[in-house]
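Trainee: take this sequence and fold it.
(chains A and B)
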Amino acid sequence: MLDDSAFDLRKYLNNNGQSAGVWIALVALIIFGLLRYDNFGSAYNIVSFLNYNSMFILIAIGMCFVIMTGGIDLSVGSVAAFTSVCAAYLSPFGIEVALPGGVLAGAVIGGINAFVIIVMRVPPFIATLATMLGAKGGALVISGAQTISVDWSSNFTKFGMEKAFGILPWTIVATLVVFFIAWIVLERTPLGRSVLAIGGSEEASTLMGLKVNRAKAFVYIFSGACAGLAGVFLASSYGAGQPLEGIGWELSAIASVVVGGTLLTGGLGSIPATLAGALLLGLVFNILNFENGKGTISLSAYWQLVIRGGFLFVVILLQTRVIRKRQAVS
Amino acid sequence: MTQESPVLENSGSSPAKLGSFKFDLRKHGGLLALVILLVFNALVTPNFLQPQTLFVNISQVATIAIVAIGMTMVIATGGIDLSVGAVMALAGALAPLIFLSPFGVEYPILGLIAAFTLPLFAAAFCGLFNGVLVSVLNVQPIIATLILFISGRGIAQVLTNGNLQTFSNDAFSYLGTGKILGLPFQGWLTLLLALIAFWFVRRTLFGRYLLAIGGNKRAALLSGVPVRPVTILAYVICSVLAGVAGMIVVAINSASDAARNGNLMELDAIAAAVVGGALLQGGKAPIFGAILGAIIIQLVKYTLLANGVEDEVALIAKAAIIVLAVWLQQARKE
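Mentor: Numbering: from 1, shown residues only, chains lettered A, B, ... in the order given. The predicted model follows:
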C-alpha cells in the first residue's frame, strides 16, 4: 500500500509538471498578444474567442474522460454536426427544449458507442469511426444535406448570442458549469477514480471489483453529450444547424487533451489542464488571425487544417519526451 | 495476446464433419456476403448482368483494393493508417501540378515521368513520417496517422489553393481510363500489385518479420527481428499504394479535387481489410482477402446506388458493415 501511494505521488507530480508548462505557455501567448495587437484585449475579442472556443472546450472535456480510460472518441465532430441540426429543428420550441434535445441526441450516439465497444467488444477507434460516419450520414439525411436555419423568433438564438445577466455569454456559463461538474466527478467521486483506474489497467480494475463497464459506458455517453451540447452551441451561436461542420474537431479535442498532460495510453489526466490545452490551441488560431489582419502573413483557411495537425505533432513530441523521462525515473 | 494464435488454428480446423461441409459464418462470411450480393443484384438491380456493370465496378474497386492491400500490411503489424485518404489527395494534387507546370509543359516526357514518380515519393515521405512516429517515438498508430489524416488534406488544399484542377493529358489519363484486353487498366494494375504483395508477404523475410511483429512485438524484438525498419516499411508501402490510388482517381476524372479525393477512403480500406480477414491485433496479412473485402464494399456501394438509395444512407450502411465485420472477428477470436 505504501509503495502504491508513493508511486501515485510521483505520477501526480509528473502530471503537474507538464500542466504547469501548459499554463505558462498560455500566459506567455496572452502577454505576447496583448503587447502586439491593439484589439487583442478588447471585450469583443475575448468574448467572441471564448464563445467560439466553448464548443472545443466542451468536446475536449468529454474526450479527456474517454482518453483517460485508454479509449478514443473519433465521432465528436460528426455528433456535434448532427445535434446542431437536431437543435435547429427543435428551435421553435425554445432553448429549454432544444438544448436538452441536442444533448440527448448526442448522449444517444454516445450510448451506441458504449454498446458497440463494451458489449460487442469492437475496438473504440473502429466503433467511433463508424459512428462518425453514421452521425454524418444521419445529419445529412435529416437535413436533406442543407443548412437548417433556426427559428429566430424563439429564445433559441439568445442562448448563443446574448449574455447571462449582461456579463458573460450563456454558452460560456454553460461551459463553466460542465467544466466544474467534470472536475468534481473526476477528482472527488468513485466514478472518477474508476475512470483513471481503468486507464491504468483495465484487467486490474476488473479484478479489484470496480464497475469497469459502467465507468466505460459513462465516459462514452458523457463525451457524446458534451459533443451534443457543442452542437447546440453551434446552432444557437451561428443561427443554423450545419450538417457539414465538425471536420477535424476530434483532432482539436485530442490535441487539447494531450497538451494538458493526459497520457494517450490512459490512467492519468486533468480537467483544468485540458481546459488550458483547449484555450492554448484556440489562442494559436486567434493570434494567427491577428497576424493575418496585420498582413505579416497571409494564410488561407486551408492552413487551419495543416496547423491543427502540426500542433498535435509538436504536442506528441513533447509528451514522448515526458514519458521517456518518467520511464527513466522509474 | 500471446495465446491467440493456437485458438485461431483450432477454429480453422474444426469444420467438415460427417462428410457434410460445416459452414463457418465467421470464416467464410466474406464469400457468403459476396454470393448474396451477386444473387441479390442479379435479381433486383436492373441491367446488372451487363458487361458495362463489370467494367464500372472494376474501375471503381481498383482504388479501394489498392489502398486495402497497403492497409492490410499495416494492420498486420498491429497498427492502423488513418491517413491514406489524405495521402491520396496529396499525391493526386501533386501529379497535375507537375505536368501542368512550365517545366512539365516544356518537356512533356520528363514532366510526365516526374508526374508519375514525384507524387509517389511524397507519399513515401508521408509513410516515413507515420512509420517513424509509430515505431521510433512509440506514438499510438491512431494518433500518429491522425496528424496527416487532417493536415495531409490541408497541405493538398494549400498546394492547389483549394481549386479544382482540370487537365487533358492522354498519357496520364491512361492510368484511369486505359484498357488492356477490354478490361480497365487499373484492374490489371491492382491484380499485379496484389500478386507482388502476396509474394512479398508469403515468400520474403520481410513478410515473416511483418507477421512476427503483429503476432508478438516483444518476442519478435527479442528474437532479433528488425522491428523498426520493418514497421516503417509497412507504413511506407501503405502510403505509396495510397498515392497510386490517388493518382488513379485523378486520372479517371481528368481533374484533381483535393477536398474530395480519397475522402473517407480510410474507412473503406479498413473495412475491406477487416472483412477480408485481417486481425486488428496484427499477425495476419490476407492480401487476397483484402481484395475480396474491397469487392464486397464496392458491391454494397453499387447496390445501394443502383437501387436509388441516397449517398447519405449508404454512409450509415457502410458504418454498420464495419462494426459487424469487426464484431464477427472479435467473436471468432474468443
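Trainee: can we go C-alpha only for contacts and neighbour counts from here?
Mentor: Fine.
Trainee: is it true that residue B:146 touches residue B:80?
Mentor: No - in this structure residue B:146 lies outside contact range of residue B:80 using C-alpha atoms under 8 Å: 10.1 Å.
Trainee: for the stretch 1-150 of chain A, what spans make up the helices?
Mentor: Taking DSSP state H, counting those that start in this stretch, the helices of the stretch 1-150 of chain A run over residues A:2-36, A:43-68, A:76-90, A:95-114, A:124-143.
Trainee: and of those helices, who's closest to chain B?
Mentor: Closest to chain B of these is helix A:124-143 (C-alpha to the nearest C-alpha; 4.4 Å).
Trainee: quick check: angle from that closest one to helix A:76-90?
Mentor: Helix A:124-143 and helix A:76-90 are oriented at 30 degrees to each other (axes from the mean of the first three to the mean of the last three C-alpha atoms, to 10 degrees).
Trainee: got the buried residues for helix A:124-143?
Mentor: Using 16 or more other C-alpha atoms under 10 Å in any protein chain shown as the test for burial, helix A:124-143 gives A:124-143.
Trainee: near chain B too, which of the residues you listed?
Mentor: Restricting these to those within reach of chain B (C-alpha under 8 Å from any C-alpha of the partner chain) leaves A:125-127, A:129-131, A:133-138, A:140-141.
Trainee: ranges for the strands of chain B?
Mentor: B:165-166, B:179-180, B:183-184, B:255-256 (DSSP state E).
Trainee: which stretch among the ones you listed is buried most, on average?
Mentor: Of those, the one with the most neighbours on average (mean count of other C-alpha atoms under 10 Å in any protein chain shown) is strand B:255-256, at a mean of 24.
Trainee: can you list the strands that it pairs with?
Mentor: Each strand paired with strand B:255-256, and its direction, by DSSP bridges: strand B:165-166 (antiparallel).
Trainee: tell me the contacts of the residue of the stretch 151-300 of chain B found nearest chain A?
Mentor: Here the stretch 151-300 of chain B gets closest to chain A at one residue, residue B:151, 4.1 Å apart by C-alpha to the nearest C-alpha. Residues in contact with residue B:151, defined by C-alpha atoms under 8 Å, 6 or more residues apart in numbering or on different chains, are A:305, A:306, A:307, A:308, A:309, A:310, B:86.
Trainee: chain neighbours aside, what residue packs nearest to it?
Mentor: residue A:306 (4.1 Å; C-alpha to C-alpha, 6 or more residues apart in numbering or on different chains).
Trainee: next, count neighbours for residue 73.
Mentor: Since no chain was named, I'll use chain A. Neighbour count for residue A:73, taken as other C-alpha atoms under 10 Å in any protein chain shown: 30.
Trainee: meant chain B actually
Mentor: Number of residues near residue B:73 (other C-alpha under 10 Å) recorded here: 32.
Trainee: ok, residue B:51 next?
Mentor: 10.
Trainee: close enough to count as contact, residue A:220 and residue A:66?
Mentor: Yes - between residue A:220 and residue A:66 there is a contact at 6.3 Å, judged by C-alpha under 8 Å.
Trainee: need the residues touching each of those two.
Mentor: The contact sets of residue A:220 and residue A:66 overlap at residue A:73 (C-alpha under 8 Å, 6+ apart).
Trainee: please enumerate the helices of the stretch 201-330 of chain A.
Mentor: So, for the stretch 201-330 of chain A - with DSSP H, counting those that start in this stretch - the helices run A:202-207, A:212-238, A:249-259, A:271-294, A:303-329.
Trainee: what's the closest of those helices to residue B:216?
Mentor: Nearest of the helices of the stretch 201-330 of chain A to residue B:216, taken as C-alpha to C-alpha: helix A:202-207 at 19.3 Å.
Trainee: can you list contacts of that closest one?
Mentor: With contacts defined as C-alpha under 8 Å, 6+ apart, helix A:202-207 is touched by A:194, A:197, A:198, A:212.
Trainee: now do that helix, average pLDDT.
Mentor: Average pLDDT, helix A:202-207: 83.
Trainee: alpha carbons only: can I get it in CSV?
Mentor: Output of helix A:202-207 as CSV, limited to C-alpha atoms (Å, rounded to 0.1, in the frame of the first residue of the first chain):
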residue,chain,number,x,y,z
GLU,A,202,-8.4,-2.5,-17.1
GLU,A,203,-7.7,-6.0,-16.0
ALA,A,204,-6.5,-4.9,-12.6
SER,A,205,-9.6,-2.7,-12.2
THR,A,206,-11.9,-5.6,-13.0
LEU,A,207,-10.1,-7.9,-10.6
